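Chemist: the following comprises the amino acid sequence and a computationally predicted model.
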Amino acid sequence: AQSVAQPEDQVNVAEGNPLTVKCTYSVSGNPYLFWYVQYPNRGLQFLLKYITGDNLVKGSYGFEAEFNKSQTSFHLKKPSALVSDSALYFCAVRDIGNAGNMLTFGGGTRLMVKP
Amino acid sequence: SQTIHQWPATLVQPVGSPLSLECTVEGTSNPNLYWYRQAAGRGLQLLFYSVGIGQISSEVPQNLSASRPQDRQFILSSKKLLLSDSGFYLCAWSVNAGGYGYTFGSGTRLTVV
């Protein structure tokens, strides 16, 4: 079975400060990992993914995430937050051995960036 | 390029009325298709998924049903809506291979009154 946890319902950060949104996962094999962002009344938009290779993945809008196999984590980061980054963020995982390509999503973390 | 269309964007329906939400995908063939519901801007609840025409898997027993009459068309239906059916409904598609994620539609805000 595969699962993913986002331990924080909300993260508050001041504009210009670095931000981190946490994600931990559990899979029986090796993971594919994803981050999505959702703005109000919109669908989820893809930010970045880890498939293989470099543990530091760079994505859209200046976001990056670091795959840490020993800690089973895939935290989303950005060096300098913008007010426009305020949104709902979802982490998702798929076990490479999952033939059905089903993703399991975390419960979401609301990011609030204050000016 | 592949695109996903979901409509309508918003819908207000009375309790007991029927429902039909449609989702279509262009630019790909034999996609996996998914219906999710999101309550109060929080987590995603997987309702149905389909790996092929006429193949529907239900994740949660409820007042809703899904159908896939064509390869790239996925329909969410209800015969009689309940107040608890209100929410934000999202359709998504994926390829059934490799490290591909999902592509989501723009969503339908359903309010049952």
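Modeler: Cool, the structure landed. Just so it is clear, the structure is predicted and the values come from calculations on it, not from any experiment. Residues are numbered from 1 along each chain as shown, chains lettered A, B, ... in the order given.

Chemist: from here on, contacts and neighbour counts on C-alpha atoms
Modeler: Fine.

Chemist: which helix or strand contains B:Ser67?
Modeler: strand B:65-70 (DSSP states H and E).

Chemist: show me the contact partners of that strand.
Modeler: Strand B:65-70 is contacted from outside by B:48, B:50, B:52-56, B:74-78, using Cα atoms under 8 Å, 6 or more residues apart in numbering or on different chains.

Chemist: which positions in that strand come out as buried?
Modeler: The neighbour-count check on strand B:65-70 (16 or more other Cα atoms under 10 Å in any protein chain shown) flags B:65-68 as buried.

Chemist: got it, and stretch A:85-101?
Modeler: Within stretch A:85-101, the residues that count as buried by 16+ other Cα under 10 Å are A:85-96, A:98, A:101.

Chemist: out of these, who's nearest chain B?
Modeler: Using Cα to the nearest Cα, A:Asn101 comes nearest to chain B of the buried residues of stretch A:85-101, at 5.6 Å.

Chemist: that closest one: which element?
Modeler: Using DSSP H and E, A:Asn101 sits within no helix or strand.

Chemist: ok, it touching A:Arg94?
Modeler: Yes. Between A:Asn101 and A:Arg94 there is a contact under Cα atoms under 8 Å: 6.9 Å.

Chemist: tell me the bridge partners for B:Leu90.
Modeler: B:Leu90 forms beta bridges with B:Tyr36, as assigned by DSSP bridges.

Chemist: surely it meets B:Gly105?
Modeler: Yes. Applying Cα under 8 Å, one finds B:Leu90 in contact with B:Gly105, separated by 6.2 Å.

Chemist: how about the strands in the chain?
Modeler: The chain I'm using is chain A. Remark: strands assigned in chain A by DSSP state E are A:3-5, A:10-14, A:19-21, A:24-26, A:31-38, A:44-50, A:56-58, A:64-68, A:73-78, A:87-95, A:104-105, A:109-114.

Chemist: actually it's chain B I care about, not the one you picked
Modeler: Using DSSP E, strands in chain B cover B:3-7, B:10-13, B:19-26, B:32-38, B:44-52, B:55-58, B:65-70, B:73-78, B:87-94, B:103-104, B:108-112.
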